[in-house]
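In: A predicted structure for the sequence below; I have some questions about it.
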Amino acid sequence: MTAGPLDDIDRRIIAILQADGRRAYSQIAEDLGIPASSVRYRVQRLEDTGVLQIVGIANPLTIGFDRLAMIGMRVRPGSAHEVCRALRELPETSYVVMTAGQYDIMVEVICRDTDHFTDLLNRRMHLIDGVVSTDSFFVLEVHKLAYGWGVGGVETGLLDVPDAGSNGGMDQRAPR
């Protein structure tokens, strides 16, 4: 099923769900002045076409994961797609993108500790056919993770750390 063009109501539904993915269809319908059945149908269509995915986002620092890192990878020419496919299968990867510039691929990983990260990098990632070299960047503080873009008109979800030293992790707050 293809997505097709989004209309203003689709964009407003997406923006509302980016701010609160658990918001009831009846509340969204009331906000938009349309029937709840229309909201239900539109959300299902947006999910079926891959435009929208509703997920819970856990703060990894509060559930036993202590090492977040970005890894820049250089790969053998012509192998980037295959390397990306292999990387996305690793449970530790949360973000895998092909890039232009110094690195061919950028990967975000979330690991329990330094030993877990070392094992992932040296015993699994470096052994993927096509990987030539890697540069690792440990994440020291997260100051913003935003999940609302491209729809406008409604405040969107934001994970934010206003004072990095206060709690040692991300502060999941309601949108402002």
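Out: Good, I have the coordinates. In this text, all values refer to a predicted model and were calculated from it rather than measured experimentally. Numbers count the residues shown, from 1 in each chain.

In: Walk me through the domains of this structure.
Out: For the chain, the structural domains run 1-57, 60-138, going by automatic domain parsing.

In: The ones you listed: which one's closest to residue 145?
Out: Distances from residue 145 to each of these were compared by Cβ to Cβ, and the smallest falls on domain 1-57, at 8.1 Å. From N, CA and C alone the C-beta is placed, and that goes for glycine too.

In: Which parts of the chain are helices?
Out: 8-19, 25-32, 36-48, 80-88, 114-119, 164-167 (DSSP state H).

In: tell me, which of these is the model least confident about?
Out: Per-segment confidence across those bottoms out at helix 164-167, which has a mean of 41 in mean pLDDT.

In: show me where pLDDT drops low in this protein?
Out: 1-3, 146-176 (pLDDT under 70).

In: where exactly do the strands run in it?
Out: Ranges of strands in the chain, per DSSP state E, are 67-75, 93-98, 105-111, 131-138, 144-146, 158-160, 171-172.

In: Quickly compare these and say which is most buried.
Out: The highest average neighbour count among the strands of the chain, using mean count of other Cβ atoms under 10 Å, belongs to strand 105-111 at a mean of 21.

In: which other residues reach that one?
Out: By Cβ atoms under 8 Å, 6 or more residues apart in numbering, the residues outside strand 105-111 that reach it are 60, 65-73, 75, 80, 83-84, 87, 90, 92-99, 117, 120, 125.

In: sorry, back to before: for the strands of the chain, could you give me CSV that also reports distance to residue 52?
Out: What follows is those, written out as CSV (distance: least, Cβ to Cβ, whole Å):
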stretch, distance to residue 52
strand 67-75, 26
strand 93-98, 19
strand 105-111, 22
strand 131-138, 31
strand 144-146, 16
strand 158-160, 18
strand 171-172, 20
